[in-house]
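> Here you go, sequence then predicted model.
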Amino acid sequence: MVETKRDYYEVLGISRTCTVIEIKKAYRKLARQYHPDVNNGDMEAEEKFKEMSEAYAVLSNEEKRNQYDRFGFSRNLFEEADFGDVFSEFGFGDIFNTFFGSGFGGGFGRGRRKARSRGSDIEIETEISFKESAFGIKKEIEYEVEDICEECGGTGAGESGGVETCSQCGGAGKVRVTRQTLIGNVITTSDCDRCRGTGKIIRDPCNKCRGQGHHSIKKKIKIDIPAGIHHGDRMRVAGKGNSLGRDSISGNLFMTIRVAEHPEYIRDGDNVLSEIKISFAQAALGLRMEASTLDGSEKIKIRAGTQPETKIILRSRGFVQLNGYRRGDHIINIKVEIPARLSRLEREMLTDYARARKEPVG
């Protein structure tokens, strides 16, 4: 199942009219509960912490909050609010300490377990129809991804016991190096060259993944594309990117939406624009006719004496607002066509009409 984004206000448990102080207070409370360092690496707590930190990063920023309130998860807000890379890189500790200080729980960032490696993100594109972008669609997507090897369970070893803890770094993946300088000894930390930072030595590599713990496969997932999505919008599916094997964090899947052009309609915000061509006689005398809309055929009335470029507005026949409920309108522009050629009878009739109205012609 694909993870769906929850409303940021719902994530933090606050109202849409709350103040910045209330946003901070709500975040502090949840951060103490879900921070990974107090949950022993629980994946569910880690995902919740990412989700709430993403919500805080948007709602605590006035400009991003205004954009979110207006458009929801549209445009580049998907990627602007993606802080998964930052959290993975700093192990959550640096960001958490800005709120609670290094003294919380004995001090985050000191003596922590080795940070897990993270797989890379995947970028794909998919095309949907004009109507699908208006109402949304659940679409099955096939893509290529580095996934955990099912043969070795992601360990990279060909048999149980084929993986040993690196004796040089003690499984930490890091070693301390002391260098003498003009100002004294300087101690630095670097990746262990024996295990290449993994903390493990594989004695018997898996034949399928050749000791990597992951290999390339084709996957199919179903993604809920929301109603009202725009051409060029990006969607993020958390944890569906590349894996580096067992004990790693999978990257994310980013999908760019391409909306196919429609032969009759143009999108303008949440409105749909189209045009209908009628003759001079129809404009003068009026008529009832069928008009095509996103919801199907609909009867409209063109009043007698309708002028060129007159707009007929069909309320709530446009796009559903992204992450909202209100629908835009369908606006029909009336084009009056003047015939380029007339038969003899048509010319005589129009001449009589012009004379009756005392209009000079010819």
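Happy to help now that I have it.

> Give me the residues contacting stretch 304-311.
I278, A283, A284, L285, G286, I331, I332, N333, I334, K335, V336 (C-beta atoms under 8 Å, 6 or more residues apart in numbering). No exception for glycine: its C-beta is placed from N, CA and C like everyone else's.

> how long is that stretch end to end?
Taking C-alpha to C-alpha, to the nearest Å, the span from the opening residue of stretch 304-311 to its closing residue is 14 Å.

> same question for that stretch, mean pLDDT?
When pLDDT is averaged along stretch 304-311, the result is 95.

> buried sites along that stretch?
Using 16 or more other C-beta atoms under 10 Å as the burial criterion, the residues of stretch 304-311 that qualify are T306.

> just how off-centre is that stretch within its chain?
Taking C-alpha atoms, centre = their mean, to the nearest Å, the mean C-alpha location of stretch 304-311 is offset from the chain mean by 42 Å.

> And stretch 215-229, by the same measure?
Averaging C-alpha positions (C-alpha atoms, centre = their mean) puts stretch 215-229 11 Å from its chain's average.

> if we can go back for a sec, closest to L59 out of the contacts of stretch 304-311?
I331 (34.5 Å; C-beta to C-beta).

> Wait, a strand at the closest one?
Yes. Assignment of I331 by DSSP: H, G, I helix; E, B strand; the rest coil places it within a strand.

> I figured it was touching G269, is that so?
No. Counting by C-beta atoms under 8 Å, no contact exists between I331 and G269, whose distance comes to 10.8 Å.

> Who has more neighbours out of the two?
For I331 against G269, the residue with the higher neighbour count under other C-beta atoms under 10 Å is I331, and the figures read 18 against 11.

> Tell me what the more buried one is bridged to.
With beta bridges defined as DSSP bridges, I331 has these partners: L273, I313.

> quick revisit: the contacts of stretch 304-311, buried ones only, as a PyMOL selection?
Listed next is the PyMOL selection for buried residues among those, using 16+ other C-beta under 10 Å:
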select buried, resi 278+283+331+332+334+336
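
> Adding pLDDT, distance to T198 and secondary structure as columns, could you present the contacts of stretch 304-311 in a markdown table?
As requested, the contacts of stretch 304-311 are exported to a markdown table (pLDDT from 0 to 100; distance: C-beta to C-beta, whole Å; DSSP: H, G, I helix; E, B strand; the rest coil):
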| residue | pLDDT | distance to T198 | secondary structure |
| --- | --- | --- | --- |
| I278 | 96 | 73 | strand |
| A283 | 95 | 77 | helix |
| A284 | 93 | 82 | helix |
| L285 | 94 | 82 | helix |
| G286 | 96 | 79 | coil |
| I331 | 98 | 60 | strand |
| I332 | 97 | 64 | strand |
| N333 | 97 | 64 | strand |
| I334 | 97 | 70 | strand |
| K335 | 96 | 68 | strand |
| V336 | 95 | 74 | strand |
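
> Double-check that C18 belongs to a strand.
No. Assessed with three-state DSSP, C18 is coil; it does not lie in a strand.

> Please identify which of the contacts of stretch 304-311 is nearest to H214.
Minimum distance to H214 across the contacts of stretch 304-311 is 51.8 Å, recorded for I331 (C-beta to C-beta).

> how about low-confidence regions in the stretch 101-250 of the chain?
Counting by pLDDT under 70, the stretch 101-250 of the chain contains low-confidence ranges at 101-115, 160-161, 181-184.

> Alright, I will stop here.
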